[in-house]
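Student: quick one: sequence plus predicted model below, questions after.
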Amino acid sequence: MKSIIYLFAILICLNSISVGASTKMAHEKKRHSNAKKSSQFDPAYLIEIGYPSITMAINAVKERKDTIIKVNNKPFGWQERSGPWFVVKEGQHIEWAFTEGGHYAHPSVIKRIIDVGSKSYVSVDMAFRCEAPRKDECNKLLGEFKEVKTLILNVYRKKFITHPKAVPIWKGVDSLE
């Protein structure tokens, strides 16, 4: 009887070791598979300034043939906020906004991908660089752009995306144009 009890105890110990090892292996496998998933992305959707300085960015964007320059214009969605701006439209969805002299956070640039044309998807992604002498001015400008991003999302969600009961989600500003 004692030998059966010892044998039973050994089996329980081996089983717990086996379960612990397989649990650890499953956790490691899951961790590695998550790492692969999170690091995979489509480079076409990566937004970054892409130039080492704001001066180089503005010069490069001005020289391109596929951009539309909007002098003395405000960035898309800009409502009663600071200026002056130099805005460049690149393709259908990309906008560059450069501060000009006299702006409190000059020199700064924001590059945004604004995709607001579908029935189920509204997206605003942005990259920001500020070389203003005071960090609080950069933070203020970034805060303004975050407010504008929220406004754009809300306006276009109202326009394109409705509540399941067909009620518009947003009751604020109707247009940003």
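Tutor: Sure thing, it's come through. Quantities reported herein were computed from a predicted structural model and do not represent experimental measurements. Numbering: from 1, shown residues only.
Student: make it CA atoms for all contacts and neighbour counts henceforth
Tutor: Will do.
Student: can you give me the helices for this structure?
Tutor: 2-39, 54-63, 135-160 (DSSP state H).
Student: got a pLDDT number for the nearest residue to W96 once chain neighbours are set aside?
Tutor: Excluding the flanking residues, the one nearest W96 by C-alpha to C-alpha, 6 or more residues apart in numbering is K111, at 4.5 Å. Listed pLDDT for K111 reads 94.
Student: hang on, isn't K111 packed against A127?
Tutor: Yes: at 5.2 Å, K111 counts as touching A127 under the criterion of C-alpha atoms under 8 Å.
Student: which of the two has more residues huddled nearby?
Tutor: Neighbours per residue, other C-alpha atoms under 10 Å: of K111 and A127, the larger number sits with K111, 23 against 16.
Student: who's in contact with that one?
Tutor: Contact analysis of K111 by C-alpha atoms under 8 Å, 6 or more residues apart in numbering lists 47-49, 94-97, 126-128.
Student: rewinding a little: list the residues that contact both of K111 and A127?
Tutor: 47-49.
Student: which ChimeraX command selects the buried ones in the residues you listed?
Tutor: Selecting only the buried members of the shared contacts of K111 and A127 in ChimeraX, with burial defined as 16 or more other C-alpha atoms under 10 Å, works like this:
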select :49
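Student: among the shared contacts of K111 and A127, which one sits closest to T150?
Tutor: Proximity of those to T150 (C-alpha to C-alpha) peaks at I47, which lies at 18.1 Å.
Student: give me the pLDDT for that closest one.
Tutor: Taking I47 on its own, its pLDDT is 72.
Student: just checking, it touches A127?
Tutor: Yes: here I47 reaches A127: they are 6.2 Å apart, a contact under C-alpha under 8 Å.
Student: overlap in contacts of those two?
Tutor: 111-112.
Student: and stretch 105-123, end to end?
Tutor: 26 Å (C-alpha to C-alpha, to the nearest Å).
Student: and it, what's buried?
Tutor: For stretch 105-123, a neighbour-count test (16+ other C-alpha under 10 Å) marks 105-116, 122-123 as buried.
Student: would TSV of those with distance to F145 be doable?
Tutor: Shown next, in TSV, are those (distance: C-alpha to C-alpha, whole Å):
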residue	distance to F145
A105	12
H106	15
P107	15
S108	12
V109	11
I110	9
K111	11
R112	10
I113	13
I114	13
D115	16
V116	17
V122	16
S123	14
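Student: alright, that wraps it up for me.
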